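In: I need the structure of the sequence given here:
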Amino acid sequence: MNDKDVVTDNDLSEDAARLSRAKKVDDVEWPGPKGPQQVLSTDEVSVTITPHDAGRISSITAFGHEILRQYQPGMRVFQYGAFPMTPWVGRIGGGLLYSKGMTYQLPLNQPPFSIHGLGRLGEWSTDEVVTTADEQKASFSLDLSPWWPWSATTSMSVEARRNSVRITETLATDGEDFPGQLGLHPWFRRHLNDDASDQEVSLQFYPDWQAQRGENGLPTGRRIAPTPAPWDDTFGFFPTLAATLVWEDMEMHISTSHSYATVFSVPKDALCVEPQTSVPNALNAAPGIDRVSAARPLTLVTDLTFFSTK
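Out: Numbers count the residues shown, from 1 in each chain. Just a heads-up that it's a prediction; the model follows:
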């Protein structure tokens, strides 16, 4: 790499203040859910979206149980609720993105990585809300262009059905094509009761392979046999992701349009199963990575379906 191949912060329409903000949001306490909320509900499920809080789904309840880790003072931006990862998932090593012979420096919000995308940097707009006896659905969007080297818009629609929630994420452009990823990062509670008097959640899933993780925390490109927990690892499924979380009185089935998920099982109070369109750092490491174009947006659909076992 030489200097003429590097796109500087100024070329990215970034300045010192914006880069400082991008790093600061991960280093200090986050204010938590803020701004307007949109609630979608049926008799069995309820979803609360807080679009000004990183486009976050701040609450999902099923059969009266809250399933997402809730914000507590002292938490950081990536530690609660369920938030969209866009236009990349997980970590990018060094914050360096390579595309068509160019190198782009992204904000290092978790040095030495750029992590979980750019959805936290703006307040998502509420585009449409439909709440009728037959339909409970809301759509949200964010223009990523101020922070991304290309013209790009990301959007998310959330739909509450009888006993399920469908989350549809889209990444689109009206300009030059670019490599892109989408993901959803939920923090599922290990215990549905606040006093942890109930049975801890168990994860039932059967991945076909696991992405080998190098000493730098990034996938090496090799696929290995799935290893025992604890995990901070990405798995592949054929043909698409299918997993089940089982609590004492309830089950939740996760299914998606794609074949990948990162599982983070280290925390004592939460378990993350993160659907995504490809493995972390794949923007640089995977020759078959999705390229987003005006004619071909990228879409990830995630369904959470709940069953009472009482």
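In: how many other residues sit next to the closest residue in space to Asp208 that isn't next to it in sequence?
Out: Excluding its sequence neighbours, the residue lying closest to Asp208 (C-beta to C-beta, 6 or more residues apart in numbering) is Phe238, at 5.0 Å. Just so you know, the C-beta spots here come from the backbone N, C-alpha and C atoms, and that holds for glycine as well. By the criterion of other C-beta atoms under 10 Å, Phe238 has 11 neighbours.
In: now do Pro31
Out: Other residues close to Pro31 by other C-beta under 10 Å number 12.
In: how far away is it from Cys272?
Out: 22 Å (C-beta to C-beta, to the nearest Å).
In: try Arg222
Out: Arg222 is 23 Å from Cys272, by C-beta to C-beta.
In: do the same with Leu218
Out: Distance, Leu218 to Cys272, using C-beta to C-beta: 18 Å.
In: do the same with Asp177
Out: From Asp177 to Cys272 the distance is 30 Å (C-beta to C-beta).
In: ok, Val263 next?
Out: Separation of Val263 from Cys272 (C-beta to C-beta) stands at 7 Å.
In: would you mind confirming that Phe237 is in contact with Ser259?
Out: Yes. At 5.1 Å, Phe237 counts as touching Ser259 under the criterion of C-beta atoms under 8 Å.
In: low-confidence ranges in the protein?
Out: By pLDDT under 70, the weakly predicted segments of the chain are 1-28, 286-288.
In: which parts of the stretch 151-300 of the chain are helices?
Out: Ranges of helices in the stretch 151-300 of the chain, per DSSP state H, counting those that start in this stretch, are 282-285.
In: list the buried residues of stretch 115-127.
Out: 115-122, 124, 126 (16 or more other C-beta atoms under 10 Å).
In: same thing with stretch 131-149?
Out: Within stretch 131-149, the residues that count as buried by 16+ other C-beta under 10 Å are 136-142, 144, 147-149.
In: leaving out chain neighbours, which residue sits closest to Gly74?
Out: Glu29 (5.6 Å).
In: residues touching the one you found, list them.
Out: Glu29 sits next to 73-76 when contact means C-beta atoms under 8 Å, 6 or more residues apart in numbering.
In: repeat that for Ser59.
Out: Contact analysis of Ser59 by C-beta under 8 Å, 6+ apart lists 46-48, 66, 68, 70, 81.
In: buried among these? Make that a PyMOL selection.
Out: Those of the contacts of Ser59 that count as buried under 16+ other C-beta under 10 Å are selected in PyMOL with:
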select buried, resi 46+47+48+68+81
